[in-house]
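Participant: model this:
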Amino acid sequence: MQDEKQLSERESLELINRMIHEAKGYFYESGIAALLYGFTILVCSILTYLMEKKFITFPFHPFYILVPVFFVQAWIQYREEKKKKAKTFTDEAIDYVWIGFFLSAIAAFGANFAGLGYITITIILFLSAFAAFLTGMIAKFRYHIICSFICWIIAVISFFTLKPEIYLLLSAVAILVWIIPGFMLNATFKKLQHGK
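Facilitator: The predicted structure is shown next:
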């Protein structure tokens, strides 16, 4: 009986702690993982565009670079998660959104090898816009909400761009969805670290 009471007290304290940190806007995220992923997508998109236009040759498909980068990004994310004093409900919801995005993007790239071609990029553009929209709504981050609508427009345009130029649209989305917010997070993170 006492163990049950003690457990519920501990759970209550954890809940209160999470709510306090969420109310303060507490976060520990440097933006490095977003920057790494964004710049990788940007480079892979440009390399693929140049390769398909026959400007360069590449020993393998440039998007294979994402495989090791994914593990590095996961490691960075894991290290940052360990340094958080509390994981908020907002953090968890956003994590689930992006896990869903990455799993869907991997499935879409798998479909690319089944011969779907450029339409795969269109699917990924729509998924990026959707994930950015959910992130913006959950975190009440206006930039991501506006960015998601721009990304949806880019995704619609991509339906009519089923040729190598579609990779330039993907690189624009990488800048909007990951690189710019990554720099924003990094600037906020540095400001908070200097304020301590």
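
Participant: give me the below-cutoff pLDDT ranges for the protein.
Facilitator: Judged by pLDDT under 70, the chain has its weakly predicted residues at 1-8, 12-28, 84-86, 112-115, 194-196.

Participant: I figured residue 51 hits residue 58, correct?
Facilitator: Yes - with contact taken as C-beta atoms under 8 Å, residue 51 and residue 58 are classed as touching, separated by 5.0 Å. From N, CA and C alone the C-beta is placed, and that goes for glycine too.

Participant: which one's more surrounded, these two?
Facilitator: residue 51 (16 against 12; other C-beta atoms under 10 Å).

Participant: return the residues in contact with the more buried one.
Facilitator: 57, 58, 62 (C-beta atoms under 8 Å, 6 or more residues apart in numbering).

Participant: okay if I get these as CSV plus distance to residue 148 and secondary structure?
Facilitator: Compiled in CSV, the contacts of residue 51 are given as follows (distance: C-beta to C-beta, whole Å; DSSP: H, G, I helix; E, B strand; the rest coil):
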residue, distance to residue 148, secondary structure
57, 36, coil
58, 31, coil
62, 26, helix
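
Participant: please enumerate the helices of the chain.
Facilitator: Assignment of helices within the chain using DSSP state H yields the ranges 2-23, 32-52, 66-83, 89-111, 119-139, 142-159, 166-174, 180-195.

Participant: what lies in contact with the shortest one?
Facilitator: Which is helix 166-174. Residues lying outside helix 166-174 but in contact with it, judged by C-beta under 8 Å, 6+ apart, are 38-39, 41-42, 45-46, 48-49, 52, 118, 121-122, 124-125, 128-129, 151, 154, 157-158, 161.

Participant: now that helix: buried residues?
Facilitator: Neighbour-count burial for helix 166-174, with 16 or more other C-beta atoms under 10 Å as criterion, is recorded at 166, 167, 169, 170, 171, 172, 173, 174.

Participant: got the CA positions of stretch 49-66 in CSV?
Facilitator: Output in CSV follows, covering the C-alpha atoms of stretch 49-66 (Å, rounded to 0.1, in the frame of the first residue of the first chain):
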residue,chain,number,x,y,z
TYR,A,49,20.3,17.1,-59.9
LEU,A,50,23.8,17.5,-61.3
MET,A,51,24.2,13.8,-61.8
GLU,A,52,20.8,13.5,-63.6
LYS,A,53,21.7,16.4,-65.8
LYS,A,54,24.9,14.6,-66.7
PHE,A,55,27.1,17.4,-65.3
ILE,A,56,28.9,15.0,-62.9
THR,A,57,29.1,11.3,-62.3
PHE,A,58,28.9,9.8,-58.9
PRO,A,59,30.0,6.3,-57.8
PHE,A,60,26.6,5.7,-56.0
HIS,A,61,23.3,7.5,-55.6
PRO,A,62,24.0,10.6,-53.6
PHE,A,63,21.1,10.0,-51.2
TYR,A,64,22.9,7.0,-49.8
ILE,A,65,24.9,9.6,-47.9
LEU,A,66,21.8,9.8,-45.7
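
Participant: tell me which residues in it are buried?
Facilitator: Within stretch 49-66, the residues that qualify as buried are 49, 50, 51, 62, 63, 65, 66, counting by 16+ other C-beta under 10 Å.
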